[in-house]
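Student: Have a look at this fold, sequence not included:
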């Protein structure tokens, strides 16, 4: 499927065409000089959590929230964010937004994240939490994000 998106930057308009597969943007083609930020893969949990794993990623040494090969990671883990979370861009920086619309972290922040890991070779635990997994775009290991998301240093 191909989608055409109209973008506005200052007083200029641009058109991009993107091939869509499973709601992931692929093969972005730009028709003029409009800057386009390619969004990193952002898997979310498919339903609100009723219980949480209690490990803490970055407990002793906070981990930097980074984009590596188009994947949003911390401590080497692909993070599977809680239900209702989203990703937005502001002035060229991606930020994680919680279900109430509050910014909880930005790419480059040092964070501690509650939850737990899926260390199964095929990612079957993570698949149970997110309909977006497995993904050919980003592989594990996976961290299922729980209640605690703490920014230590921006």
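Tutor: Sure, I can see it. Quick caveat, the model's predicted, so the values are computed rather than measured. Residues are numbered from 1 along each chain as shown.
Student: For residue 44, see how far away residue 111 is.
Tutor: Residue 111 sits at a distance of 17 Å from residue 44 (criterion: CB to CB, to the nearest Å). From N, CA and C alone the C-beta is placed, and that goes for glycine too.
Student: What of residue 97?
Tutor: 11 Å.
Student: same check, this time on residue 53
Tutor: 16 Å.
Student: of the two, who's got more company?
Tutor: Counted by other CB atoms under 10 Å, residue 53 and residue 44 do not tie: residue 44 has more neighbours, with 20 against 17.
Student: Skip the chain neighbours and tell me the closest residue to that one.
Tutor: Residue nearest to residue 44 in three dimensions, not counting chain neighbours: residue 81, with 4.8 Å by CB to CB, 6 or more residues apart in numbering.
Student: Residue 72 now?
Tutor: residue 40 (4.5 Å).
Student: Need the contact partners of stretch 67-80.
Tutor: Stretch 67-80 has contacts (CB atoms under 8 Å, 6 or more residues apart in numbering) with 38, 40-45, 57-58, 63-66, 87, 94, 107, 111, 113, 117, 126, 129-130, 133, 137-145.
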